[in-house]
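K.L.:
What would the 3D arrangement of this be:
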Amino acid sequence: MHRKVSLSRASWLVKLLPLLLFLGACATGAIREKQLTLPVIDGATAVGSETCLECHEGMGAGVHSRLAEFEYMGGTGGCEACHGGGSLHIESDGDQILKFGELLPEESAAICAKCHTEGKLMDWTHSEHALTDVGCTDCHSVHAGGKTALKQQDPELCYTCHQEQMAKANFPSHHPIKEGKMNCGDCHNPHAAEGLVTEERTNDLCLDCHSRYQGPFVFEHAPVAEDCTICHDPHGTVADNLLQQNEPFLCLQCHEGHFHALRAGQPVGTNVPDGPGGSVITDPEITFTNPHGEEGWQKAFLSRCTACHSSHHGSDLPSQGAPNPDRWPSAGGSLTR
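P.N.:
Got it, this is the predicted structure:
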C-alpha cells in the first residue's frame, strides 16, 4: 500500500513539473510579455458607421470598412469596432473618441488584438517590437488600403528605425535587398517572439535558400551545425561572403595556425602542435620547406584559409592535418608542405 502511494505522488510530481518550470520562468523573467490594456470610453454608445461618414467622408475606403458585420470579433462592427462608441464624440464636438495617435502602444495593440490573433500574430505580446513599445499603428495605417495596410513598403518602413541594418545593406557584401530581389520580411516576422519567419533554428531559415550547405556531412564544421551567424552577418559586411571578419583572422578565433605558416628552415620541435597523429614533432633535424619561401609566415596570414579548406561548411573528406609520415626525412621522403 505504501509503495502505491509513493508511486502516485511521483506521477503527480511528473505532471506538475511543466507547470512548475513555467512558473519559475515567469518569476525569473525568462518569459517576457507585454501586457495589453483595452481602452474604453465610459458611457459611449454606438451610432453606426453611416453617422461617422457624414463628417469623415474619406475614411470609408480602407480594408476595415469593407469587412462584414460578422467578421468583427466580439462587438460592434464598422468604425466603432476600433474607435469605440461615437455618441459622446458627437455630443462633445470632436472629443470622447479613441484616437490611435493619442493611445499608448499597449492600448492600440489591444484594440487590434480583438481581431488579429491568429497565425503570425499570436506571439505579438512576446515580440521584441511590443516589448520596446512599438505599437501597431507605428507601422500600419488603420484606414489604408491593401492587405497589410503598411504606411511604407518593406524595407523602407523597417529602415525608419533599423538604420544600422540599412547601412549594412549597402556594404560590399550583402543580401540583394537594395537590388529588389528580397526584403526584410523574407527572413523576419515582426510580430513573432524571435523575430524570424521560422520557429526552428536560425540555420533552418538560411538553408531554405542555401540548401547545398545542409549536409549531413561525415565531417561537420561545428559553427555550421550550431548557428550560421557565428561566422556570417546576414545584414551585410565589408568582408566577402557576409563573413564577420576577413580570413584568416575569422578562422583564427577558433583554430590555431597551421605549421605551414612557419618560416623555411625553422626547427619544428619548439612550437608545432599538430604533427602526425596530433603529436608534437620533436626531431631537431626535421625542418619544413615552406612553398612561400622566406616570407612564408607573413604570406600565410595574408592568404585565405578557404584556398585549401574549400569545403568549410562540411565535407565527406578528412582534412590533412599534417604531411603523410611516409614523406618524413626519416622515411626517405621530402617534407615539403
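
K.L.:
Give me the contacts around stretch 229-242.
P.N.:
164-165, 167-175, 187, 202, 206, 223, 228, 243-247, 250 (C-beta atoms under 8 Å, 6 or more residues apart in numbering). Where C-beta positions appear, they are placed from N, C-alpha and C, glycine not excepted.

K.L.:
So which of those are in helices?
P.N.:
Here DSSP state H is the test, and these give Glu164, Gln165, Ala167, Lys168, Thr202, Cys206, Pro223 as lying in helices.

K.L.:
Of all those, the one with the weakest confidence?
P.N.:
Taking pLDDT as the measure, these have their low point at Thr202 (82).

K.L.:
which residues touch that one?
P.N.:
By C-beta under 8 Å, 6+ apart, the residues touching Thr202 are Leu196, Asp227, Cys228, Thr229.

K.L.:
Who wins on neighbours among these?
P.N.:
With neighbours set by other C-beta atoms under 10 Å, the maximum within the contacts of Thr202 is found at Cys228, which has 22 neighbours.

K.L.:
what's around Ala192, how many residues?
P.N.:
20.

K.L.:
which residue sits closest to it, ignoring its sequence neighbours?
P.N.:
Spatially, and ignoring its direct neighbours in sequence, Ala192 is nearest to Asp123 (5.1 Å; C-beta to C-beta, 6 or more residues apart in numbering).

K.L.:
where does that neighbour land on pLDDT?
P.N.:
Asp123 is assigned a pLDDT of 80 by the prediction.

K.L.:
what's the answer for Asp233, then?
P.N.:
Taking Asp233 on its own, its pLDDT is 95.

K.L.:
Let me know how buried it is, in neighbour terms.
P.N.:
The local packing count at Asp233 equals 18, with neighbours defined by other C-beta under 10 Å.

K.L.:
Put the alpha carbons of stretch 100-120 into CSV.
P.N.:
This file holds the C-alpha atoms of stretch 100-120, laid out as CSV (Å, rounded to 0.1, in the frame of the first residue of the first chain):
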residue,chain,number,x,y,z
PHE,A,100,-4.9,55.9,-32.3
GLY,A,101,-2.4,58.6,-32.5
GLU,A,102,-3.1,59.5,-28.9
LEU,A,103,-3.2,56.0,-27.4
LEU,A,104,-0.4,54.2,-25.7
PRO,A,105,1.2,51.3,-27.7
GLU,A,106,-0.3,48.7,-25.5
GLU,A,107,-3.8,50.3,-25.8
SER,A,108,-3.7,50.5,-29.6
ALA,A,109,-2.4,46.9,-29.8
ALA,A,110,-5.2,45.7,-27.5
ILE,A,111,-7.8,47.1,-29.9
CYS,A,112,-6.1,45.4,-32.9
ALA,A,113,-5.7,42.1,-30.9
LYS,A,114,-9.5,41.8,-30.6
CYS,A,115,-9.5,40.5,-34.2
HIS,A,116,-5.9,39.9,-35.2
THR,A,117,-5.0,36.9,-33.0
GLU,A,118,-4.2,34.1,-35.5
GLY,A,119,-1.1,32.8,-37.3
LYS,A,120,1.9,35.0,-37.2
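
K.L.:
Please identify the buried residues of it?
P.N.:
For stretch 100-120, the buried set under the neighbour-count rule, 16 or more other C-beta atoms under 10 Å, comprises 100, 103, 105-113, 115-116.

K.L.:
which one among the contacts of Thr202 gets closest to His309?
P.N.:
Proximity of the contacts of Thr202 to His309 (C-beta to C-beta) peaks at Cys228, which lies at 17.2 Å.
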